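K.L.:
structure for the following, please:
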Amino acid sequence: MSFAFPWALLLFLLPWLARRVLTARSAADAALVVSQSAFSAALPAGAHGGRVGATLAAGAWIALVLSLAGPRLPVTTDLVTASGREIILALDLSGSMVKEDFVLDGKPLTRLDAVKRVASRFVRTRKGDRVGLVIFGDRAYVAQPPTFDVAAVAGAIETAQIGISGRSTAISDGLGLAAKRLTESDATTKVVVLLSDGVDTSGKVRANDAAGLAARHGIRVHTIALGPEDLENQPMSRDAVDAATLRAVAEAGGGESFRVRTMADLDAMAASLDRLEPNPMRRPPMQVWRDLWMWPGGAALAFALILAVRRAP
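P.N.:
All right, here's what the predicted structure looks like:
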């Protein structure tokens, strides 16, 4: 236990100082000295309770001073404070995301389902961050505005479906919409995480130009390229990802680019992203103070009430 205002404990000396000063002044000014026994004999019969009254008065003063000193106990809480960071995931929902080229527990998995598993798990651990979701296909939409309710964002990711935003890949539109929402934010740290498995086929602005504009507004852009084949190595492949463009987007946005071909790559990406954008849930537990002043304050009030009742005629 400690005290918020320990200097208030010096008030314990006040009655002693007052008594010394008053006693010295009374002795100097007295014209007649009467013995204590003679004084006690002259008191009325009901007045012999001075010791109890003095004890009550002393108890009231001690309790009052303790209350003024502010006794308190340290308490550790599991509450997570706001990090000041705002993250928007820009998720590709183009038609190629239905391709089953991921494997989990020996079973094929679509790119979208693989991303849903890892992205929703990543989002659920971001308590203290404001997180939002933008989805894009032919067009870009805000599926979940930035919020501290990370469970709601994870739910929006888990229920996302191919086709609700068209089947093309408007990467620059998705990035631009996410950056626009972050530009309006007063967060101290602003991050876009762009997940795509294709080539920008529908945007009106180059994706790296959009990333450069975001960077000038203090927004960091990380990109995640999904799929086993690169456009650089398989230029004729319909489902190849334009990893080079996504790397250029990350460079222009001041972030990192991740190349994801397997579930293991997805898990490693999530861990790396946690290191790049420190997770607020991994901070040391927050310590707060539990105030105890009301207990000695209540005792002081009780002593005072008892004294008042004793002195009442």
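K.L.:
show me where the stretch 201-313 of the chain has helices.
P.N.:
For the stretch 201-313 of the chain, the helices defined by DSSP state H, counting those that start in this stretch occupy 207-216, 243-252, 263-276, 294-311.
K.L.:
for residue 90, what are its contacts?
P.N.:
134-136, 140, 174-175, 177-178, 192-195 (Cβ atoms under 8 Å, 6 or more residues apart in numbering). For every residue, glycine as well, the C-beta is placed using N, CA and C.
K.L.:
got the domain boundaries for this structure?
P.N.:
In terms of domains, the chain is parsed into 2-76+288-311, 85-282 (source: automatic domain parsing).
K.L.:
show me what the lengthiest helix in the chain is packed up against.
P.N.:
The longest helix of the chain (DSSP state H) is helix 50-69. Under the contact definition 3 or more Cβ pairs under 8 Å, 6 or more residues apart in numbering; DSSP states H and E, helix 50-69 sits against helix 294-311.
K.L.:
relative to residue 92, how far out is residue 242?
P.N.:
11 Å (Cβ to Cβ, to the nearest Å).
K.L.:
correction: residue 228
P.N.:
From residue 228 across to residue 92, the span is 16 Å (Cβ to Cβ).
K.L.:
distance across stretch 90-104, terminal residue to terminal residue?
P.N.:
Taking Cα to Cα, to the nearest Å as the measure, stretch 90-104 stretches 24 Å from start to finish.
K.L.:
er, stretch 10-17 actually
P.N.:
Start-to-end span of stretch 10-17 (Cα to Cα) is 11 Å.
K.L.:
what sits against residue 272?
P.N.:
Residue 272 sits next to 256, 258 when contact means Cβ under 8 Å, 6+ apart.
K.L.:
do residue 223 as well
P.N.:
So, once contact is read as Cβ under 8 Å, 6+ apart, residue 223 ends up touching 193-196, 246-247, 249-250, 253, 255-258.
K.L.:
make JSON lines out of those and add neighbour count.
P.N.:
Formatted as JSON lines, the contacts of residue 223 follow (neighbours: other Cβ atoms under 10 Å):
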{"residue": "193", "neighbour count": "25"}
{"residue": "194", "neighbour count": "29"}
{"residue": "195", "neighbour count": "26"}
{"residue": "196", "neighbour count": "33"}
{"residue": "246", "neighbour count": "30"}
{"residue": "247", "neighbour count": "17"}
{"residue": "249", "neighbour count": "31"}
{"residue": "250", "neighbour count": "22"}
{"residue": "253", "neighbour count": "27"}
{"residue": "255", "neighbour count": "24"}
{"residue": "256", "neighbour count": "18"}
{"residue": "257", "neighbour count": "20"}
{"residue": "258", "neighbour count": "23"}
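K.L.:
pLDDT check: weakest of these?
P.N.:
Lowest pLDDT of the contacts of residue 223: residue 196, 86.
K.L.:
by how many degrees do whichever strand or helix holds residue 172 and helix 243-252 diverge?
P.N.:
If you go by DSSP states H and E, residue 172 is part of helix 171-183. Using axes from the mean of the first three to the mean of the last three Cα atoms, to 10 degrees, one finds that helix 171-183 and helix 243-252 are set 20 degrees apart in direction.
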